[in-house]
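Chemist: take this sequence and fold it.
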Amino acid sequence: MSPAHALSLPAVLDRLDRLTDWEKRPRGGMRVGLDPMRDLLARLGEPQAPLRVIHVGGTKGKGSVCALLEAGLIRAGLRVGRYASPHVESVTERVCLQGRPVEGSVLASALARALDAHEAARRDATAGRDATWFDVLTAAALTIFGEAGLDWAVIEVGLGGRLDSTNAVDGEVAVVTNVALEHTEILGATRAAIAAEKVGILKPGAALVTTLAPEDEAGAVAAARAAALGCPTLRPATPPGASIAEENAGLAGLVLDHLGRRGALGRDGAPLRAGLLDGAARADARLPGRLERRRIRHAAGPVALVLDGAHVPFNLAAVLRDLAREPGLPGPCIALVALAGDKDAAGFLAVLARHGASVIATEMPERRGHAAAALRALAAAEGMEAEAVAAPDAALTRAAGLAAQRGGWVLVTGSLHLVGALRAATEVPGTQGVV
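Modeler: Numbers count the residues shown, from 1 in each chain. Got it, this is the predicted structure:
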């Protein structure tokens, strides 16, 4: 391997991209199992072993809950790492130290070591030879965290939980935010089956924190798993109709309170607590592409725009509910939509139809997804005004033009990959740069 100072992140990513990346492929044939991941970590010296971990899974909200936990722990004066997926604009977003993406050189060095471990496993014909793109990236992140002297690592599940690469860690708290039908070809066709996969991140001695009620189909499965392991189950007392932000903060606050009761302290010696999530911490926890207010310039004037990577119907419904309470989004919604091929496109578009949106359907090159024409047809079947514009940048121009013409606003949704592709073409409200 080249010396660390000579490593280039693009060159190392080129090595990484030769591995199987299930974020870009149909997932029906996805390899499941933790043996390759465990082999990589053993070859890297078990970097995850000393980490105190909060492990966060669920259908939606897990990234925001992780960011809130990170912000609260930093507010307590602690040294924190956060691992997240997918990224919006740069792969370095996936590995954060103290709330900031790691330097490219740091990630390059760790990735090179993880890739070398993968190549050694191939030579030795051990389980690590089957490691995927996500396995290697996760191993690199854990290597960075293990060497950073962290007080806590906040780890977001990639897909599912039980067999996800991140489940090589032992969390002191397992969070399952919620459960909806997604990735059914891998996780199962019912919410109960999916819950069984997601609650697989719960380990003996840990606590389960979830919004799932015990009488709920998925909640009953999660509660049974916790009872079988002798783990307490904690649920936040969020009021009916709470916003997405309030629900996420309720979960993160409950985790901090639980850890504080168990003796976890901040740098000042005070127990961890929900009160660490004050206004400043919540502001620090805002993530790109999650209810993110932006605008796009148009000849007729700036057009209000929201970026949100919602990709399942229940989360889109919550996004639209919360946006309906927001000022500055007058007139009709023009929804710019791309969806992965394993998403419930009909259900997703039906939610938009109930809110009276018009649709510009697009697609992401090199991503397994619904064709723009197919999305347009599904939207039309719901009685919606819909167009298909396959190229995302041209689709954004068309959506902005319609919104300007009608005095409306644009919602870019369905995929964080779409959000990442278009975010640079937008600007923060109030800025003067031309896009």
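
Chemist: which SSE is immediately downstream of the helix or strand where Arg82 lies?
Modeler: Element membership for Arg82 (DSSP states H and E) is strand 80-83. Once the chain leaves strand 80-83, the next helix or strand it forms, by DSSP H and E, is strand 95-97.

Chemist: partners of that following strand, with directions?
Modeler: According to DSSP bridges, strand 95-97 has the following sheet partners: strand 80-83 (antiparallel), strand 100-101 (antiparallel).

Chemist: for the first one, report the contacting residues that lie outside it.
Modeler: Residues from elsewhere that reach strand 80-83 (C-beta atoms under 8 Å, 6 or more residues apart in numbering): 66-67, 69-70, 73-74, 94-99, 138, 141-142, 144-145, 148, 150-156, 166. Any C-beta I mention is one placed from the backbone N, CA and C, and that applies to glycine too.

Chemist: also the shortest one?
Modeler: Defining contact as C-beta under 8 Å, 6+ apart, one finds that strand 100-101 is touched by 90, 92-95.

Chemist: one more time with 10 Å, if that's ok
Modeler: With C-beta atoms under 10 Å, 6 or more residues apart in numbering as the test, strand 100-101 has contacts from 82, 84, 87, 89-95, 107.

Chemist: can you put those in a markdown table and add pLDDT and neighbour count?
Modeler: Listed next are the contacts of strand 100-101 as a markdown table, based on pLDDT from 0 to 100; neighbours: other C-beta atoms under 10 Å:
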| residue | pLDDT | neighbour count |
| --- | --- | --- |
| Arg82 | 98 | 30 |
| Ala84 | 97 | 23 |
| His87 | 92 | 17 |
| Glu89 | 90 | 14 |
| Ser90 | 93 | 12 |
| Val91 | 95 | 17 |
| Thr92 | 97 | 17 |
| Glu93 | 96 | 19 |
| Arg94 | 97 | 22 |
| Val95 | 98 | 26 |
| Leu107 | 97 | 24 |
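
Chemist: from those, which two are the most distant?
Modeler: Across those, no pair lies farther apart than Arg82 and Glu89, at 16.5 Å, counting by C-beta to C-beta.

Chemist: circling back: so how far is the strand holding Arg82 from its chain's centroid?
Modeler: Strand 80-83 has its C-alpha centroid displaced from the chain centroid by 13 Å (C-alpha atoms, centre = their mean, to the nearest Å).

Chemist: again with stretch 273-292
Modeler: On C-alpha atoms, centre = their mean, the centre of stretch 273-292 falls 15 Å from the chain's centre.

Chemist: what of stretch 60-78?
Modeler: On the basis of C-alpha atoms, centre = their mean, stretch 60-78 is displaced by 13 Å from the centre of the chain it belongs to.

Chemist: can you pull the buried residues of that stretch?
Modeler: Neighbour counts over stretch 60-78 (16 or more other C-beta atoms under 10 Å) mark 60-76, 78 as buried.

Chemist: just stretch 411-428 next, same as before
Modeler: Buried residues in stretch 411-428, counted by 16+ other C-beta under 10 Å: 411-423, 425-427.

Chemist: so how far is Val95 from Glu247?
Modeler: Glu247 sits 26 Å away from Val95, going by C-beta to C-beta, to the nearest Å.

Chemist: let me fix that: Gly205
Modeler: 27 Å.

Chemist: Trp152 now?
Modeler: Between Trp152 and Val95 the computed distance is 15 Å (C-beta to C-beta).

Chemist: same check, this time on Ala195
Modeler: With C-beta to C-beta as the criterion, Ala195 and Val95 are 28 Å apart.

Chemist: circling back: what about the contacts of strand 80-83, which are in strands?
Modeler: Among the contacts of strand 80-83, DSSP state E puts 95-97, 152-156 in strands.

Chemist: got those as TSV, with distance to Gly33 columns?
Modeler: Formatted as TSV, those follow (distance: C-beta to C-beta, whole Å):
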residue	distance to Gly33
Val95	24
Cys96	28
Leu97	30
Trp152	28
Ala153	23
Val154	25
Ile155	19
Glu156	20
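
Chemist: any idea which of those residues is closest to Leu265?
Modeler: For those, the residue nearest Leu265 by C-beta to C-beta is Trp152; the value is 11.5 Å.

Chemist: mind listing the strands for this structure?
Modeler: Along the chain, counting by DSSP E, strands occupy 53-57, 80-83, 95-97, 100-101, 152-156, 171-176, 207-210, 233-234, 292-296, 303-307, 333-337, 358-361, 386-388, 409-413.

Chemist: neighbouring strands - and their directions - for the last one?
Modeler: In this case it means strand 409-413. strand 303-307 (parallel), strand 333-337 (parallel).

Chemist: and that strand, C-alpha only, in CSV?
Modeler: Provided in CSV are the C-alpha atoms of strand 409-413 (Å, rounded to 0.1, in the frame of the first residue of the first chain):
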residue,chain,number,x,y,z
TRP,A,409,-43.1,26.0,-5.1
VAL,A,410,-41.0,22.9,-5.9
LEU,A,411,-40.6,19.8,-3.8
VAL,A,412,-37.6,17.6,-4.8
THR,A,413,-38.3,14.2,-3.3
